[in-house]
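Chemist: generate coordinates for the sequence data below:
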Amino acid sequence: MKEAQLYKKLADDKVHCHLCAHHCVIVDKGHGVCQVRENQEGTLYTLVYGRVIARHVDPIEKKPLFHFYPGSQAYSIATPGCNFRCQWCQNADISQIQREQVIALNDGVKPAAVVSAAKGS
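Modeler: Below is the predicted model of the structure:
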């Protein structure tokens, strides 16, 4: 596990997560709405660092960045977990995965490997 970013330590081993608009206040051994951040004795950890569940190359026009570099490609990666519960989500199978399943996923994808894949090397 890796210590999370974007949080503040509070009294009584609680933490205030600032990753999304839910601003979860998480008690010791608790989890945020996304279910992929865990408080351990007043330190917030991400449970999905390095646990890439999807990767894909798409035309840039398919992304919210469609007006940048038309005709180019975008390399997308995803980790499990989401703080929304959209009824018709096309990615529900990965975004709503159970925490126990997340822990069982690979944990060996390093940042350099992601960069290398994005470069096509």
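
Chemist: packing partners of the helix or strand harbouring Glu38?
Modeler: Secondary structure from DSSP states H and E places Glu38 in strand 37-40. Secondary-structure packing of strand 37-40 (3 or more C-beta pairs under 8 Å, 6 or more residues apart in numbering; DSSP states H and E): strand 25-26, strand 43-46. Every C-beta, even on glycine, is put in place using the N, C-alpha and C of the backbone.

Chemist: for Ala113, find the nearest of those strands.
Modeler: strand 43-46 (17.6 Å; C-beta to C-beta).

Chemist: next secondary structure element downstream of the worst-scoring helix or strand of the chain on mean pLDDT?
Modeler: One helix or strand of the chain scores below all others by mean pLDDT, DSSP states H and E: helix 99-104, with a mean of 67. Once the chain leaves helix 99-104, the next helix or strand it forms, by DSSP H and E, is helix 111-119.

Chemist: now tell me what touches that following helix from outside.
Modeler: Helix 111-119 is contacted by residues 52, 55, 75, 77 when judged by C-beta atoms under 8 Å, 6 or more residues apart in numbering.

Chemist: same thing but at 6 Å, please
Modeler: With C-beta atoms under 6 Å, 6 or more residues apart in numbering as the test, helix 111-119 has contacts from Tyr75.

Chemist: likewise stretch 24-31?
Modeler: Here stretch 24-31 makes contact (C-beta under 6 Å, 6+ apart) with 13-17, 32-33, 38-39, 41.

Chemist: just the buried ones from those residues, in PyMOL syntax?
Modeler: Here is the PyMOL selection string for the buried members of the contacts of stretch 24-31, based on 16 or more other C-beta atoms under 10 Å:
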select buried, resi 13+14+15+17+32+33+38+39
